[in-house]
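S.K.: have a look at this prediction, sequence included:
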Amino acid sequence: ILTNPIDNLSTDNLISMSVQTIFDFFSQFRVSYFTVDDNYISIKHSIEPSDFSSLPITKIEIENLKSYLSYLQTQGFLSYDNIKSTENKQINPIFVDYPVTSLIDIPINFEHNVVAILRIDTEVLHHWLDDELQSFAEIGKNLSIIIQRNIYREQMIEYEKSIVENYKRLEQYASELKELKELYENRSEELFLNRELLEEQAFSINLLNQQLIDKEEKIIETNKQLEAALGERDKFFSIIAHDLRGPLSSFLGMTKVIKEQPEQFTREELIEISELIHNNAETLYSLIENLLNWSRLQRDVITVEPQI
């Protein structure tokens, strides 16, 4: 584990397997791994011989922890043959509130900071040999390296995932942008066609309006001619009224439909045009009706009864 770390292994599992591996080689000692967070240490992993007391997985506040970590990082490791006799030590050990007599604390560094402590301890008195101290110090260095590499690997995996997600998101944005562009082009084409259609309808309405004006002028001219035709004017007006009453009634109905259903065209234009056509049609219809009544009156078909 320490010399050939396993790929695709989480940092927590890597630490757990490393602690187990160290214990397998040094089974007479308790092997523990403490993480550091501000003024607290957390017992993450601990394996001990069967006759040792087990450590609870807990979080503990440590006074002067930063000073201890700084000294630990400077020295490379701190060893105590007997924690009850530390007169010759410059700094006292931390967290010894459990059955422990001899211990070694080894710093686990990440980017020049102590992020954890690897502790090797025993409940019986043990004199640490130089070879043991050097071996455990080397183990701590190797463990720091593989943990750092594994953290970098996990960060790189997350970074790659982030890049892939961002790339997929960019592809989605590009697809949506393409759809919006196509929608815009289609809408522009529709608006262009609608504009041409409205121009054609406006031309037709203007033409119809001109035709109505022409017809009105013809009616006026016809009235003048009828006035001049003394013998035939009554009969001619009656024929004109009967012939035009039916078509004009249909024309009046059509303009009313256009007025009530303007959604087929531009609302503002249709309302204005339909009102103009409708008013002209009503005027024309009223004129013809009056001509018909007048013709009947001239032929004595109806009787006028004046009222006061």
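M.R.: On my side now, so go ahead.
S.K.: what about the strands in the stretch 51-200 of the chain?
M.R.: Secondary structure of the stretch 51-200 of the chain (DSSP state E, counting those that start in this stretch): strands at 59-61, 78-80, 102-110, 113-122.
S.K.: packing partners of the third one?
M.R.: Of the remaining helices and strands, those touching strand 102-110 by 3 or more Cβ pairs under 8 Å, 6 or more residues apart in numbering; DSSP states H and E are helix 65-75, strand 78-80, strand 113-122, helix 130-228. Bear in mind the C-beta positions are built from the backbone N, C-alpha and C, glycine included.
S.K.: redo these as a markdown table? Include mean pLDDT.
M.R.: Listed next are the helices and strands packed on strand 102-110 as a markdown table, based on pLDDT from 0 to 100:
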| stretch | mean pLDDT |
| --- | --- |
| helix 65-75 | 92 |
| strand 78-80 | 93 |
| strand 113-122 | 94 |
| helix 130-228 | 87 |
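S.K.: now tabulate these in JSON lines and tack on mean neighbour count.
M.R.: As requested, the helices and strands packed on strand 102-110 are exported to JSON lines (neighbours: other Cβ atoms under 10 Å):
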{"stretch": "helix 65-75", "mean neighbour count": "15"}
{"stretch": "strand 78-80", "mean neighbour count": "21"}
{"stretch": "strand 113-122", "mean neighbour count": "22"}
{"stretch": "helix 130-228", "mean neighbour count": "12"}
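S.K.: reformat these as TSV; add distance to Ser46.
M.R.: Below are these laid out as TSV (distance: least, Cβ to Cβ, whole Å):
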stretch	distance to Ser46
helix 65-75	19
strand 78-80	18
strand 113-122	8
helix 130-228	15
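S.K.: if I pick Ile104, what's in contact with it?
M.R.: Contact analysis of Ile104 by Cβ atoms under 8 Å, 6 or more residues apart in numbering lists Phe77, Leu78, Ser79, Tyr80, Arg119, Ile120, Asp121, Trp128, Glu132, Leu133, Phe136.
S.K.: could you rerun that using 10 Å?
M.R.: With contact taken as Cβ atoms under 10 Å, 6 or more residues apart in numbering, Ile104 is in contact with 29, 77-81, 93, 118-122, 126, 128, 132-133, 136-137, 140.
S.K.: check it and give its pLDDT.
M.R.: Looking at Ile104, its pLDDT stands at 95.
S.K.: tell me the bridge partners for it.
M.R.: Following DSSP bridges, Ile104 is listed with bridge partners Ser79, Ile120.
S.K.: host element of Ser295?
M.R.: helix 267-298 (DSSP states H and E).
S.K.: angle of that helix against helix 130-228?
M.R.: Relative orientation of helix 267-298 with respect to helix 130-228: 20 degrees, computed using axes from the mean of the first three to the mean of the last three Cα atoms, to 10 degrees.
S.K.: distance of Arg153 relative to Asp121?
M.R.: For Arg153, the distance to Asp121 (Cβ to Cβ, to the nearest Å) stands at 31 Å.
S.K.: ditto for Arg30
M.R.: Distance of Arg30 to Asp121, computed by Cβ to Cβ: 5 Å.
S.K.: between the two, which contacts overlap?
M.R.: Common neighbours of Arg30 and Asp121, using Cβ under 10 Å, 6+ apart, are Ser46, Glu48, Phe52, Leu55, Tyr98, Pro99, Val100, Leu103.
S.K.: wait, which of those residues is closest to Ser204?
M.R.: Nearest to Ser204, judged by Cβ to Cβ, of the shared contacts of Arg30 and Asp121 is Ser46 at 93.5 Å.
S.K.: residue contacts, the closest one?
M.R.: Ser46 touches 19, 23, 30-34, 52, 54-57, 98, 119, 121, counting by Cβ under 10 Å, 6+ apart.
S.K.: before we move on, what SS does it have?
M.R.: For Ser46, the assignment made with DSSP: H, G, I helix; E, B strand; the rest coil gives strand.
S.K.: next, count neighbours for Pro107.
M.R.: By the criterion of other Cβ atoms under 10 Å, Pro107 has 25 neighbours.
S.K.: next, the contact list for it, please.
M.R.: Per Cβ under 10 Å, 6+ apart, neighbours of Pro107: 36, 69-78, 113-118, 137, 140-141, 144.
S.K.: one more time with 6 Å, if that's ok
M.R.: Residues near Pro107 by Cβ atoms under 6 Å, 6 or more residues apart in numbering: Leu72, Gln73, Val114.
S.K.: what is the burial count for Phe26?
M.R.: 16.
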